[in-house]
Structure formats: structure tokens, C-alpha cells
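Participant: For reference, the sequence and a predicted model appear below.
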Amino acid sequence: MVSKIGTLRQIISELRHALPPGLLKNNLALQYLLTQYRQNKTTSEQLCKAREEMEFMAKTYLCYLRSSRMQQQIHDEFHGKGERSVRETANLVGFKLPHDPK
């Protein structure tokens with residue numbers, strides 16, 4: 001189980017992947033996220049529905065960021081770049097052509 005701070009760190013890490021270098025510090029999404037974390041900070045003795053809802057939303061946002069990054073990586077790798085040669089296609093799927101040395 002990931003702690004709330006661990007979830008926040010993972011979200012920040014995903015934002016670093018999504019944004020150009022140097023733009024994270026002034027990012028409105030990060031500022032909003034940190035504000036929400038500070039507003040919903042409670043002790044472990046308190047039972048707070050808003051805190052649990054905030055934790056769920058944070059994990060959902062983390063899943064969204066990860067999935068978006070992975071989808072973009074898959075798209076970049078397999079998106080058609082025009083006509084490919086037989087050799088490029090074989091290399092893409094992990095095959096070797098019969099006349100290639102093993």
C-alpha cells in the first residue's frame with residue numbers, strides 16, 4: 001500500500017515526464033494539487049470522508065497520468081510512419097529475415 005506522500009511523489013514524477021524540463025515549478029496543476037493536499041491534511045486518529053475521497057482522487061489522477069504516458073510511448077513506437085521495408089517490419093516484431101545472419 002502506497003502512503004499519501006508516496007502517491008503525491010508519484011504524481012509529481014509523472015508530471016515531470018509530461019512537462020518540458022523546468023516548467024514544473026510554476027505549473028498550475030501542481031500548485032492546485034499541493035494546495036488540496038495541504039487543505040485535506042488530517043491526523044490518523046480522525047475519520048474524514050473528504051480525506052478518503054481526496055486519496056481516491058489522487059490515485060485516480062496518478063493512474064490517468066501513467067496511462068497517458070504509456071499510451072503515448074506505445075503510439076510513438078508503433079504509429080505508422082509511412083511505408084516500412086520488410087526488414088524494418090521484421091525487426092519491429094522481433095523476427096529475422098531468412099538471409100540475415102543468426
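Facilitator: Cool, got the structure.
Participant: When you work out contacts or count neighbours from here on, use the C-alpha atoms and nothing else.
Facilitator: Fine.
Participant: M57 in helix, strand or coil?
Facilitator: When classified by DSSP: H, G, I helix; E, B strand; the rest coil, M57 comes out as helix.
Participant: what's near enough to touch the residue nearest in space to the middle of the chain?
Facilitator: With distances taken as C-alpha atoms, centre = their mean, the residue of the chain nearest its centroid is R66 (2.2 Å). Each residue near R66 by C-alpha atoms under 8 Å, 6 or more residues apart in numbering is listed here: E14.
Participant: what does stretch 7-14 contact?
Facilitator: 30, 58-59, 61-62, 65-66, 69.
Participant: Give me the buried positions along that stretch.
Facilitator: Neighbour counts over stretch 7-14 (16 or more other C-alpha atoms under 10 Å) mark 7-8, 10-12, 14 as buried.
Participant: So which of those residues sit within helices?
Facilitator: 7-8, 10-12, 14 (DSSP state H).
Participant: sorry, back to before: since PyMOL is what I'm using, could you give me a select command covering the contacts of stretch 7-14, but only where they're buried?
Facilitator: Those of the contacts of stretch 7-14 that count as buried under 16+ other C-alpha under 10 Å are selected in PyMOL with:
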select buried, resi 30+58+59+62+65+66+69
